[in-house]
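A.B. asks: Pasted the sequence and its predicted model underneath.
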Amino acid sequence: MDGALDNPADRLRRHPFAFDAALAAAVWFCTVLLPSTAYWENPAGAFLIGTLLTVPLAWRRRAPVPAAAAVVAVGLLELLVVPEFLAANVAALIMVYALAAYSTRWAAQAGLAVGLVGAGLAALRYWGYGIADSIVPVAGAIGVSVVAAWALGNLRRARLQQLAALEERAQLLELERDQEMRLAATTERARIARELHDVVAHSLSVVIAQADGGRYAGKADPAAATEALEAIAATGRQALTDMRSLLGVLREGGGEEYAPQPDVAAIPALVEDVRASGLDVDLIVEGEPQPLAAGPQLAAYRIVQESLTNVLKHAGPASRAWVRLQWRPDALELSVLDDGRGASSAMVSSDGGGQGLRGMRERAELHRGRLEAGPRHGGGFGVHAALPYGSRR
């Protein structure tokens, strides 16, 4: 299942050194091995210098500054011992890109400066036939290539920073959601404690007082004892009624007076919050809203929330998502679709602790609904759920 859902970008992020080593090998093959017979003046030196230029590319992300320093040192050695300009010098452009994309700002600027100086030195060393005829055009062409590589590296840096910011924002949203849930649980415990104190403690106090009075009064006045027993029975019945009312509120999720919970009406605000976080998401509502119990409404909200969180967390900033609510005659059907990886990561990496896909499916089944999730044809991921209107409360 992992292999079916993975894409090259994901494998690249998990194994950057392996990718860079393969890149170095490809550059070596194309710029050192294939043209090795063309360097007829010093083929051994050209082969050795070309190999030394391309090997550091394997460390262009893991250690960009040392790798760039190695390329600069070998490049200076090339100017001294190799009489011909090597195709392997493309490694210098790759290192300028790597410094701009993966290293610090000062290293990126230093890489640009050294690259421009190297362009001038290479033009003087290998095309020193005339300033106007060869040196200036060649130095300009190499310099433009250096600046282009540096600019592309800066674009890559900006992209990585954007992805990191989006991932951090998703983590903050998830943390905020967990904090809100803990706060709601704490508030609910405090409310239950207050309700129990009001119902149980007061009623038991009355019962104890009536029992003590009836015990003493019964010795001299049996009628007073009977009245005390009647009062105890009435108090017990009232306490039982209040306790049943309290438990009924807890079972049903209660009205907003006790523990406000998000419902279907809060989904548009949720979509707006996610859209403000950087994800392009659209909400589509079809049909007329129907009466729906508080439990299924909360489940619908949580399913949409979890699905959008997974899209925001895994699909990337360039992805798009759609939330569709369909009020059908017998059930509320909702779908959350995306054109990236989206919630597929939740399906693959769910820890089984009530989170991710398993948690959403349990919410739906709790109210006699159903939930299906899987990759979409053509890319992306889809979550589809149906919650019947007649769910048990």
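C.D. replies: Happy to help now that I have it.
A.B. asks: Check for me that residue 332 belongs to a strand.
C.D. replies: Yes. Counting by DSSP: H, G, I helix; E, B strand; the rest coil, one finds residue 332 located in a strand.
A.B. asks: Next, count neighbours for it.
C.D. replies: By the measure other CB atoms under 10 Å, the count of residues near residue 332 is 24. Backbone N, C-alpha and C define where each C-beta goes, glycine included.
A.B. asks: Can you name the residues that contact it?
C.D. replies: 264, 290, 292, 296, 300, 325, 326, 386, 387, 389 (CB atoms under 8 Å, 6 or more residues apart in numbering).
A.B. asks: can we see that at 7 Å?
C.D. replies: Taking CB atoms under 7 Å, 6 or more residues apart in numbering, we find residue 332 in contact with 292, 300, 325, 387.
A.B. asks: Quickly list what it is bridged to.
C.D. replies: residue 327, residue 387 (DSSP bridges).
A.B. asks: Could you measure from it over to residue 125?
C.D. replies: Distance, residue 332 to residue 125, by CB to CB, to the nearest Å: 74 Å.
A.B. asks: Does residue 144 belong to a helix, a strand or coil?
C.D. replies: helix.
A.B. asks: And the pLDDT for it?
C.D. replies: At residue 144, the pLDDT value in this model is 92.
A.B. asks: How about residue 31?
C.D. replies: So, for residue 31, pLDDT stands at 87.
A.B. asks: Quick check: it touching residue 89?
C.D. replies: No. Contact criterion CB atoms under 7 Å: residue 31 and residue 89 do not qualify, at 8.1 Å.
A.B. asks: Of the contacts of residue 332, which belong to strands?
C.D. replies: Among those, DSSP state E puts 325, 387 in strands.
A.B. asks: Among the contacts of residue 332, which one lies nearest to residue 129?
C.D. replies: residue 325 (73.5 Å; CB to CB).
A.B. asks: what about the closest one, neighbour count?
C.D. replies: By other CB under 10 Å, the residues close to residue 325 number 19.
A.B. asks: Then residue 240?
C.D. replies: 12.
A.B. asks: if I've got this straight, it is in a strand?
C.D. replies: No. Residue 240 is assigned helix when assessed by three-state DSSP, not a strand.
A.B. asks: any weak-confidence spans in the stretch 1-150 of the chain?
C.D. replies: Counting by pLDDT under 70, the stretch 1-150 of the chain contains low-confidence residues at 1-13, 130-133.
A.B. asks: what are the ranges of the helices in it?
C.D. replies: 2-5, 8-14, 16-28, 43-54, 64-81, 90-102, 105-126, 136-196 (DSSP state H, counting those that start in this stretch).
A.B. asks: Let me have those helices in JSON lines, extended by distance to residue 378.
C.D. replies: Output for the helices of the stretch 1-150 of the chain, formatted as JSON lines (distance: least, CB to CB, whole Å):
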{"stretch": "helix 2-5", "distance to residue 378": "14"}
{"stretch": "helix 8-14", "distance to residue 378": "17"}
{"stretch": "helix 16-28", "distance to residue 378": "26"}
{"stretch": "helix 43-54", "distance to residue 378": "39"}
{"stretch": "helix 64-81", "distance to residue 378": "37"}
{"stretch": "helix 90-102", "distance to residue 378": "31"}
{"stretch": "helix 105-126", "distance to residue 378": "38"}
{"stretch": "helix 136-196", "distance to residue 378": "24"}
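A.B. asks: nearest to residue 225, of those helices?
C.D. replies: helix 136-196 (30.1 Å).
A.B. asks: quick check, distance from that closest one to the centre of its chain.
C.D. replies: When C-alpha coordinates are averaged (CA atoms, centre = their mean, to the nearest Å), helix 136-196 and its chain have centres 9 Å apart.
A.B. asks: and the angle for that helix with helix 64-81?
C.D. replies: Helix 136-196 and helix 64-81 are oriented at 170 degrees to each other (axes from the mean of the first three to the mean of the last three CA atoms, to 10 degrees).
A.B. asks: No further queries at this time; thank you.
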